[in-house]
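> the following block contains a protein sequence and its predicted model.
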Amino acid sequence: MAATPPNPAAATPRRKVSRHRGEGQWAVGHFTPLNGNEQFKKDDDGLNVRTRIETIYSKRGFDSIDPNDLRGRMRWWGLYTQRKPGIDGGKTAVLEPEELDDRYFMMRVRIDGGRLTTQQLRVIGEISQEFARGTADITDRQNVQYHWIRIEDVPEIWNRLEAVGLSTVTACGDTPRVMLGSPVAGIAEDEIIDATPALEEMKRRVLGNKAYSNLPRKFKTAISGSPLLDVVHEINDVAFVGVRHPEHGPGFDLWVGGGLSTNPKLGVRLGAWVPLEEVPDVYEGVLSIFRDYGYRRLRNRARLKFLVADWGAEKFRQVLEDEYLGRKLVDGPAPEQPVQQWRDHVGVHRQKDGRYYVGFAPRVGRVDGTTLTKIAELAEAHGSGRVRTTVEQKMIILDVEESQVDSLVEGLEALDLTARPSSFRRGTMACTGIEFCKLAIVETKQRGSALIDELERRLPDFDEPITINLNGCPNACARIQVADIGLKGQLVLNDKGEQVEGFQVHLGGALGLEAGFGRKVRGLKVTSEELPDYIERVLKRYQAEREEGERFATWVARASEEALS
């Protein structure tokens with residue numbers, strides 16, 4: 001599929017222009033910007049801000065940055081201002097953006113498919129130590145995020161990243177974000193199909209392409225041929241899921257319209273089977289539908305999930321086939337349910353070539369530059385120089401000979417990066433939280449790490465799969481609605497009537513196995529200090545009341561509110 005011109009008027013067929021502003025859809029002639037974000041995107045493409053960063057802002061400093069670049073276009077190159085220290089959560093929704101802005105940036109390095117060489121990982125670690133005060137969090141979208149980045153240092157960081165094939169382009173902004181991929185693509189014994197060639201071609205077509213640099217909102221992509229369904233396909237704007245067609249063989253089942261935040265929706269199947277070589281065309285087609293038909297009037301209704309909900313799967317597929325592909329898609333089967341709940345590849349696993357890969361668990365995605373450098377050293381000493389990040393804030397070292405496995409596992413343990421984690425270490429995730437995020441209300445990373453230690457101490461024999469996701473605000477970056485125990489940060493009253501940090505509790509969410517959103521118990525809010533007591537109480541009730549082999553989410557669905565309180 002040829003790249004579509006970036007000019008919105010040229011990007012779609014001519015149609016009768018309506019005077020009604022509607023939802024701001026380009027495809028029906030509504031090109032007038034209907035909010036400030038749409039206006040600054042029309043004024044100048046976000047990709048163009050790089051030149052100003054390199055030639056003006058990095059030389060003149062933070063105060064020289066235009067506000068529409070600072071809080072808008074710089075996201076097209078992976079940069080957000082971080083939260084000014086010392087501002088409590090009660091002021092998050094009260095203060096103006098300039099009052100929340102620190103003079104430092106978060107920088108997101110996109111790692112499509114979680115694919116890294118040890119050379120790349122070493123450079124990421126070195127940049128962390130030199131420019132980011134040691135920070136380097138692994139996100140649940142396979143990226144690495146720095147903090148404390150100065151605008152003066154950004155060009156040099158880009159030079160170092162790009163010298164080893166990494167980039168921050170469209171890591172944020174109203175763009176195609178990082179493309180999630182199976183971290184064991186091409187190596188797992190049980191793989192249905194290796195999606196790597198499709199992912200690489202998708203990247204080639206859209207990264208830095210101005211035909212796709214002005215979308216209504218962010219666009220999230222996932223593709224995997226693993227039977228473990230290891231890229232949370234249900235909550236991406238578009239996802240390709242490995243399946244075997246009874247006549248055509250291995251290919252992909254097409255899903256669209258997933259997303260969480262404050263209005264969560266699971267993706268829907270279009271019932272279409274896509275062969276590997278056609279994935280990039282179909283991907284561009286879905287992306288183009290979002291660009292052309294996506295809602296641009298209200299930011300809180302601008303994700304693809306709202307268009308899919310309004311159109312339905314049948315109409316979406318028809319528009320894709322008739323207007324963008326010019327051909328019919330093949331009907332195909334749904335993916336089979338995975339045989340296990342864990343999808344993170346943690347532990348020691350045999351590869352198809354007879355070697356092994358070793359997945360290990362940092363604490364809630366928090367590592368640092370020094371640790372990343374040491375991981376690179378371990379991977380070079382025990383493997384072939386290939387490492388991966390996962391969508392569960394975990395990491396994997398590939399290509400380990402059997403004779404090297406025990407030594408590698410011991411080396412990881414010495415770094416507090418266990419390949420044999422407890423259920424709590426393995427299943428707890430946390431977003432950035434109030435430490436750096438301007439949207440956050442409560443602290444998450446330290447709370448999550450401390451919670452792991454406390455639950456391991458209180459429930460040392462608990463070995464059931466359990467996910468505990470902490471989020472600092474309602475936006476669900478840590479996927480609270482689809483966790484066994486999802487914790488949405490907010491301010492609550494303690495028993496003394498004081499306003500303190502706490503969480504609203506969602507229970508029994510799931511992906512993969514009977515995907516669905518968690519249950520909110522009426523009025524249930526827990527202070528941060530009460531969190532270990534509450535989780536211990538609920539998990540003990542689960543252990544006491546569950547039926548043979550019953551998952552936590554299944555028990556929650558039938559449990560009384562009293563049992564969940």
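Looks like it came in fine. Keep in mind that what you see is a predicted model, and the values were worked out from it rather than measured.

> CA only for contacts and neighbour counts going forward, please
OK.

> the strand or helix carrying Val243 pairs with which strands, and in what direction?
Counting by DSSP states H and E, the element that carries Val243 is strand 238-245. With DSSP bridges as the test, strand 238-245 is paired with strand 219-224 (parallel), strand 249-256 (antiparallel).

> most packed of those strands?
Of these, the one with the most neighbours on average (mean count of other C-alpha atoms under 10 Å) is strand 219-224, at a mean of 27.

> follow-up on the earlier one: can you dump the C-alpha atoms of the strand holding Val243 in PDB for me?
Taking Å, rounded to 0.1, in the frame of the first residue of the first chain, the C-alpha atoms of strand 238-245 are listed here in PDB:
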ATOM      1  CA  VAL A 238      -5.200  -2.700  16.300                       C
ATOM      2  CA  ALA A 239      -3.800  -6.200  17.000                       C
ATOM      3  CA  PHE A 240      -2.800  -9.200  15.000                       C
ATOM      4  CA  VAL A 241      -3.000 -12.500  16.900                       C
ATOM      5  CA  GLY A 242      -1.400 -15.700  15.600                       C
ATOM      6  CA  VAL A 243      -3.900 -18.300  14.500                       C
ATOM      7  CA  ARG A 244      -3.900 -21.400  12.200                       C
ATOM      8  CA  HIS A 245      -6.500 -21.200   9.400                       C
END
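
> just want the most central residue of the protein.
Arg141 (3.0 Å; C-alpha atoms, centre = their mean).

> surely it is in a helix?
No. Applying DSSP: H, G, I helix; E, B strand; the rest coil, one finds Arg141 to be coil, outside a helix.

> so what's it up against?
Applying C-alpha atoms under 8 Å, 6 or more residues apart in numbering to Arg141 gives the contacts 178, 180, 390-393.

> thought Gln25 was touching Gly294?
Yes. With contact defined as C-alpha atoms under 8 Å, Gln25 reaches Gly294; the gap is 5.8 Å.

> so which of those two has more stuff around it?
Per other C-alpha atoms under 10 Å, whichever of Gln25 and Gly294 has more neighbours is Gly294, with 26 against 20.

> quick check: end-to-end length of stretch 308-322?
Stretch 308-322 has an end-to-end distance of 17 Å (criterion: C-alpha to C-alpha, to the nearest Å).

> give me the low-pLDDT residue ranges for this protein?
Per-residue confidence of the chain (counting by pLDDT under 70) places the weak regions at 1-21, 513.

> right, and Val286 touches Val238 too?
Yes. Assessed by C-alpha under 8 Å, Val286 is found in contact with Val238 at 7.4 Å.

> the more surrounded of those two?
Between Val286 and Val238, counted using other C-alpha under 10 Å, Val238 has the larger neighbour count: 29 against 22.

> might one say that the more buried one is in contact with Gly259?
No. In this structure Val238 lies outside contact range of Gly259 using C-alpha under 8 Å: 9.8 Å.

> contacting residues around stretch 399-413?
For stretch 399-413, contacts defined as C-alpha under 8 Å, 6+ apart pick out 348, 351, 355-358, 360, 375, 378, 382-384, 386, 418-419.

> which of those fall in helices?
Residues of the contacts of stretch 399-413 located in helices (DSSP state H): 375, 378, 382.

> of those residues, which is the most crowded?
Most neighbours among those, by other C-alpha under 10 Å: Ile375, with 25 neighbours.

> how close does that residue sit to Thr51?
34 Å.

> hey, where'd the helices end up in the stretch 351-500 of the chain?
For the stretch 351-500 of the chain, helices defined by DSSP state H, counting those that start in this stretch occupy the ranges 369-382, 405-414, 423-427, 445-458.

> what's in contact with the helix or strand containing Ala272?
Ala272 is part of strand 268-274 when elements are defined by DSSP H and E. Residues outside strand 268-274 that contact it (C-alpha under 8 Å, 6+ apart): 234, 245, 251-258, 282, 313-314, 316-317, 329-334.

> which among the residues you listed end up buried?
234, 245, 251-258, 282, 313, 316-317, 329, 332, 334 (16 or more other C-alpha atoms under 10 Å).

> thinking again about what came up before, what helices and strands are in contact with whatever helix or strand comes next after the strand holding Ala272?
Remark: after strand 268-274, the chain's next helix or strand is helix 279-293, criterion DSSP H and E. The contact analysis (3 or more C-alpha pairs under 8 Å, 6 or more residues apart in numbering; DSSP states H and E) places helix 279-293 against helix 196-206, strand 238-245.
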